[in-house]
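Visitor: here is a sequence together with a model predicted from it:
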Amino acid sequence: MGESKPAFHPALTNPNIKALVPVTLEMENVHYETWAELFKIHAESHKVLDHIIPLAKGKEKPPKTEEELELWSTLVATVLQWIYATISHDLLQTILEPDTTTMEA
């Protein structure tokens with residue numbers, strides 16, 4: 001009975017971001033504002049906006065437990081997958097680096 005369930009997070013339920021962000025961000029054909037707004041709406045609706053737009057100073061909620069840290073890391077990977085899936089191959093090659101954070105990407 002003392003066993004806790006893994007935390008459910010809405011971001012982990014969306015397998016196809018391209019259906020919700022149908023714009024591919026490219027270096028040549030710039031649709032950044034459209035892409036960014038669609039991406040922001042998607043992130044907000046899946047409760048991961050704080051992974052791409054930092055919270056105001058003093059409002060940050062750093063992970064406190066091992067479980068929260070694990071969920072945070074999983075969400076970082078999920079949001080990175082969303083970014084990488086919605087940008088062009090050329091742009092991907094310019095931002096893809098080991099251990100990149102979502103804000104850096």
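Guide: Nice, I can see it.

Visitor: helix/strand/coil for the residue nearest to the spatial centre of the chain?
Guide: With distances taken as Cα atoms, centre = their mean, Val79 lies nearest the centre of the chain, 2.1 Å away. Following DSSP: H, G, I helix; E, B strand; the rest coil, Val79 is assigned to helix.

Visitor: my read: it touches Val48, true?
Guide: Yes - under the criterion of Cβ atoms under 8 Å, Val79 makes contact with Val48 at 5.4 Å. Glycine gets a C-beta too; all of them are placed from N, C-alpha and C.

Visitor: overlap in contacts, these two.
Guide: Counting by Cβ atoms under 8 Å, 6 or more residues apart in numbering, the residues touching both Val79 and Val48 are Ala11.

Visitor: just the strands in this structure please.
Guide: All residues of the chain lie outside strands when identified by DSSP state E.

Visitor: name the spans of it whose pLDDT lies under the cut-off.
Guide: Low-confidence segments of the chain (pLDDT under 70): 1-7, 14-15.

Visitor: since we're on the closest residue to Leu69 other than its chain neighbours, how many residues are nearby?
Guide: Nearest residue to Leu69, sequence neighbours excluded (Cβ to Cβ, 6 or more residues apart in numbering): Pro63, at 4.1 Å. By other Cβ atoms under 10 Å, the residues close to Pro63 number 12.

Visitor: ok, now which ones touch Pro63?
Guide: Pro63 makes contact with Leu69, Leu71, Trp72, according to Cβ under 8 Å, 6+ apart.
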